[in-house]
Every structure is written in structure tokens, then in C-alpha cells.
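*Asks:* I need the structure of the sequence given here:
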Amino acid sequence: MRDDAFDRLRRMTRARVALGRSGDGLPTKAKLEFQMAHALARDAVWGKVNFESIAAALAPREVIHVASAAADRAIYLRRPDLGRRLAEGEAAKLPPGPFDLVFVIADGLSADAVEGHAANVVIATEARLAGLTIAPVVLASQARVALGDDVGATMGARLVAVLIGERPGLSAADSLGAYLSFNPAPGLRDSARNCISNIHGHGLTPERAADKLAWLVREALRIGVTGIGLKEAAPDGAIETTQPTTQITHHKPTGARAHE
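*Replies:* Below is the predicted model of the structure:
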């Protein structure tokens, strides 16, 4: 076990610092750890999200499955523009609002992040938003952040929250991001969104992310703006869950069966 001046620094970060060397290269342990992290990142990018398991975790909430204009994963990675809009005919699946908020769970660039954290963030955030009208959860495959603009505009939602797998790094391959946009519409600039990033096991917990996201939702509805016009300033511990989720209004598409 190494005992040197960098030990404290190594304990404070998951970044690869002060790895040492073996001749002109890395020590074997550091090299193998790097190769493993790189493999996990590649698997996260190319992995396919099990949206059925996410739908089950979200029950009894209604969910709607949609796809972007990117026909498969290879196209999605080569053509980001296609991942930003719905495929032809997909908009017809979305019920009209109005709604205060719609959650979109998008695969993005990390299947592990979406499967590991997205449902928990939705559930925890809803618990903090009593009194709001929340749309069915939209599960979007081959999707980028801006796909939420199409979804939100079609559904007449005042806000859209896109939960999406972030681009994997070599210290976290399962990081989820949450992007909140007021008055979503195609062509919305990224500067009009608020982002909460690094939701994963070694970063922000789903509960803490829900605190931040719920605060942003209420502030956005109060002042009518997100992005650079809305600075996240919620003090730690300022938001408590005081009302049961049964007080939240959920829309059920016409003809949908009520859950037991």
C-alpha cells in the first residue's frame, strides 16, 4: 500500500491522480483499472435501456413510449440532430394537456444511468410537487435533451423535465442528468434550460436531486422562466416532503384503464 504525500488527495477524489509509474508506463493496477473504466463507459453508451423495467418501477403512473427520428443506436450516435426530434407519427401518442409538468426519461448516452436512477428521481420529485398537474411519464428511446421540447410542446406542458444518461466519464459511467425547460418548444436554446448533473452512486443522490429539481420547478412556475434567468439557490434542507403523493393530479389518456 502506498504511503506518500498524494494519499490524502487520492482519498478526496475519484479522478485519476498521482497514479505512479512503472518504468515509462503506468503500474499494472492503474492500467487495468483504466481499461475497466473505459469498457464500462463504452458499454453504457452502446447499452439498451430496459424501459419495461422502468415502467414497472413507475407503476401505477401512466407511461408512454416514444422514439426519436434516429432509427438505431449507430445513427443516433452519428446524427445528434435526429435524436432531438420525434419520429414521424410519434406525436400522435401524446395526450393534450394542459399540464404543469411532464417528465421525459431519455436513454441518452448511458443506459446504466437511466436504469439505475431515473425512476427514483421521478418518484422522489413528484413527492415534493403536491398540487401540480403532472402528465404521463414519457419514455423516449434514441433521445437527446431537446426531444423534450417536442414532447412538451405537443402535450401543452408548462415545464418539461428531461432525465437523461450523461456522457460517461472514466470515473462514473452511470451519471444521470436532469434538464428543466419552461414553455418548451422546438428550437429552444440550451441557455433556456436548468441542468442538475452527476446524479449517481458517488455523486448526487436521487433524493437530493429531487430536492433541487422540485425547487426549480416551483420557482420556474412562479417567475415564468428557466435557464440563465433562474439561478438555483435553494438552501440545503430547505425543501421537505409535507404532503402525500396522492394529492398530485395525474392525467390518464382517454380510454386508459385505471390501476387497482
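*Asks:* phi, psi of the nearest residue to Ala55 once chain neighbours are set aside?
*Replies:* Leaving aside its sequence neighbours, Ala55 sits nearest to Val63 (Cβ to Cβ, 6 or more residues apart in numbering; 4.6 Å). Every C-beta, even on glycine, is put in place using the N, C-alpha and C of the backbone. Torsion angles at Val63 (phi, psi; degrees, to the nearest 10) stand at phi -130, psi 150.
*Asks:* Kindly report the same for the one 3 residues further on.
*Replies:* Comment: the main-chain dihedrals of Val66 come out as phi -130, psi 170, following degrees, to the nearest 10.
*Asks:* Now do the same for the residue positioned nearest the centre of the chain: helix, strand or coil?
*Replies:* Nearest to the mean C-alpha position of the chain, counting by Cα atoms, centre = their mean, stands Leu163 at 1.9 Å. With DSSP: H, G, I helix; E, B strand; the rest coil as the basis, Leu163 sits in strand.
*Asks:* Quickly note the distance from the nearest residue to it once chain neighbours are set aside to Thr154.
*Replies:* Distance criterion Cβ to Cβ, 6+ apart; nearest residue to Leu163, sequence neighbours excluded, is Ala118 at 4.6 Å. Going from Ala118 to Thr154 by Cβ to Cβ, to the nearest Å gives 21 Å.
*Asks:* between those two, which one's more packed in?
*Replies:* The neighbour count for Ala118 versus Thr154, taken as other Cβ atoms under 10 Å, is higher for Ala118 (30 against 22).
*Asks:* can I assume that one sits in a strand?
*Replies:* No: with three-state DSSP as the criterion, Ala118 is located in helix rather than a strand.
*Asks:* didn't it look like it was pressed against Phe51?
*Replies:* No: Ala118 is beyond contact range of Phe51, at 9.9 Å (criterion: Cβ atoms under 8 Å).
*Asks:* okay, and the common contacts of these two?
*Replies:* Taking Cβ atoms under 8 Å, 6 or more residues apart in numbering as the contact rule, Ala118 and Phe51 both touch Ile105.
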